[in-house]
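K.L.:
sequence and predicted model, in that order:
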Amino acid sequence: MNTSNANSKAENTTPPIRKQPLVSIVVTTYNSSKYIKQCIESIAAQTYTNYEVIFVDNASQDSTIEIVQKLAKILLKDKRVVIIQSKRNRGYCGGNNIGIKHSKGDYIAIVNPDIILDKNWLETLVQALEKNPNIAACQGKILYNKKIINSTGNLTDKYGATLCRGEFELDRNQYITGSEGFFYISGAAFLARRDPLQQAGFFDVLLFLYHDDLDLCWRLRLMGYRLLYVGEAICYHIKNITNTSILTKINATKLYFYYRNRLIILLKNYSINYVVKYLSLALILNTLNSLLLSMLHRKCYILIMAKAIIDVIKKARIIIIKRREVQTKRKVADSIIIKYMNKRPLEILAFKLILN
C-alpha cells in the first residue's frame, strides 16, 4: 500500500485507457469512528478491482484516523491509498474537493463514511457510465436497511426545497433505472466522470455542507450534462432514522445550512429573470418553515432562518463572483432546467407530513 499525506502534490496525469478504467473512491470523514470500519470493509469487498481510495479526515476528535490507517493496511494493501489529515474541518465540500485533487482516476466515486456498499455497487455504476457516454454522473439505490428506501435520486422544486425520491417507502423496485423522474443525485454515494466535475468546478466550498449535491448537479445540468439513476447498484445508509424522527429531532446546524444554502444556490444558478421570479417565494417558504417548527417545538427557529439570511447578505460579493462563473458556463436555458423540477412546492408536502 502506498500512502501520501496532505503535503503531497496532486498528479494531473490522465491514466491510460484500460479495459477497467481506474476509479478514485473519495471518503471524507469527520468523527466517523462509529461507521468507518463497515464502510472500508464494503469497499474492500467490491467486485470491481481497479480502484484507489483517498481518505480525507476533517480534523476528527475521535479514533477515525487510527481506524482508517489500520484497516487500509490490512484490507487495501494491494491498492493505492492516500490518507490526508486536514488541520481543520473543511466540511463535506472542501474535504471531497481535496480528495478529488489527489486522485488519478477517470471516474470519481464519492462515498460517505456511513455508507455500506453492496459488493457489485461500483461495477454496476461503472458499466452504466461506460454504456452511456452522455451521462456525467449516476447513483444507485440507497436504502436505510434491506427494505426501506433512503434515495432513488433526489427531487427539488423551483424554490430550492428538496426531497429524497421514495424516502421511507418500502422498496418494491418501483423506481426503475433511468434519467427521468428526479433532478439530482444524492451526495451520499455516487459515481461521476472526472472531466464534467472538473469543468463544473467540483463542489462549492462556500456551501460547506448540505445541498452541495443539489448545487453540483444543477450546474452539471446547466452545462448540458445528464444524470442517471441505476436501481441495480445498491448501498446502505447507516442511519437510525424514520419519517417521524426527522421532525422530533431538529438539527440546528443542518437547518441553518438548509435555509442559507437554498438561497445561495438559487442566486447562483438561476438567470436573473428566474431569481426575481422565485427567490421571494423561497424566502417566504423559509419563513413559514421556521415558524411552523418554532410552534411545534417551542423554540425560536426563526432566528436560525434570520441568521442564514444575514449570512447570505454578508457573502453577497462572493456569491456574485460565483454566479458569474456559473452563468458563463451555461449552455441550457432555465425553461429547460425547470422541466426536471417538481411543479408543486415540496415544502407543502413537508408541512403536510408535520401536521399529520
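P.N.:
Great, that's in hand. Numbering: from 1, shown residues only.
K.L.:
closest to the centroid, which residue in the chain?
P.N.:
Residue closest to the average C-alpha location in the chain (C-alpha atoms, centre = their mean): Gly187, at 1.9 Å.
K.L.:
what sits against that residue?
P.N.:
92, 110, 112, 212-213, 216 (C-beta atoms under 8 Å, 6 or more residues apart in numbering). To be clear about C-beta, it is placed using only N, CA and C from the backbone, and glycine gets the same treatment.
K.L.:
list phi and psi for it.
P.N.:
Phi and psi for Gly187, reported as degrees, to the nearest 10, are phi -80, psi 0.
K.L.:
which residues of the stretch 51-200 of the chain fall in helices?
P.N.:
Secondary structure of the stretch 51-200 of the chain (DSSP state H, counting those that start in this stretch): helices located at 64-75, 91-101, 121-131, 194-200.
K.L.:
let's have the contacts of Gly187 in a markdown table, adding neighbour count, distance to Lys315 and pLDDT.
P.N.:
A markdown table is the format used below for those (neighbours: other C-beta atoms under 10 Å; distance: C-beta to C-beta, whole Å; pLDDT from 0 to 100):
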| residue | neighbour count | distance to Lys315 | pLDDT |
| --- | --- | --- | --- |
| Tyr92 | 22 | 18 | 96 |
| Ile110 | 28 | 25 | 98 |
| Asn112 | 21 | 26 | 98 |
| Asp212 | 23 | 15 | 97 |
| Asp213 | 24 | 20 | 98 |
| Leu216 | 29 | 19 | 98 |
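K.L.:
and of those residues, the nearest to Ala136?
P.N.:
If you rank those by distance to Ala136 using C-beta to C-beta, Leu216 comes first, at 9.8 Å.
K.L.:
quick revisit: so which of the helices of the stretch 51-200 of the chain is the most surrounded?
P.N.:
Greatest average neighbour count among these goes to helix 91-101 (a mean of 23), per mean count of other C-beta atoms under 10 Å.
K.L.:
contact partners of it?
P.N.:
Helix 91-101 is contacted by residues 6, 10, 24, 26-30, 54-56, 58, 82, 84, 86, 90, 108, 110, 187, 194, 197, 202-210, 212 when judged by C-beta under 8 Å, 6+ apart.
K.L.:
can you do 6 Å?
P.N.:
Here helix 91-101 makes contact (C-beta atoms under 6 Å, 6 or more residues apart in numbering) with 10, 26, 28, 54, 56, 58, 84, 108, 110, 202-203, 205, 207-209, 212.
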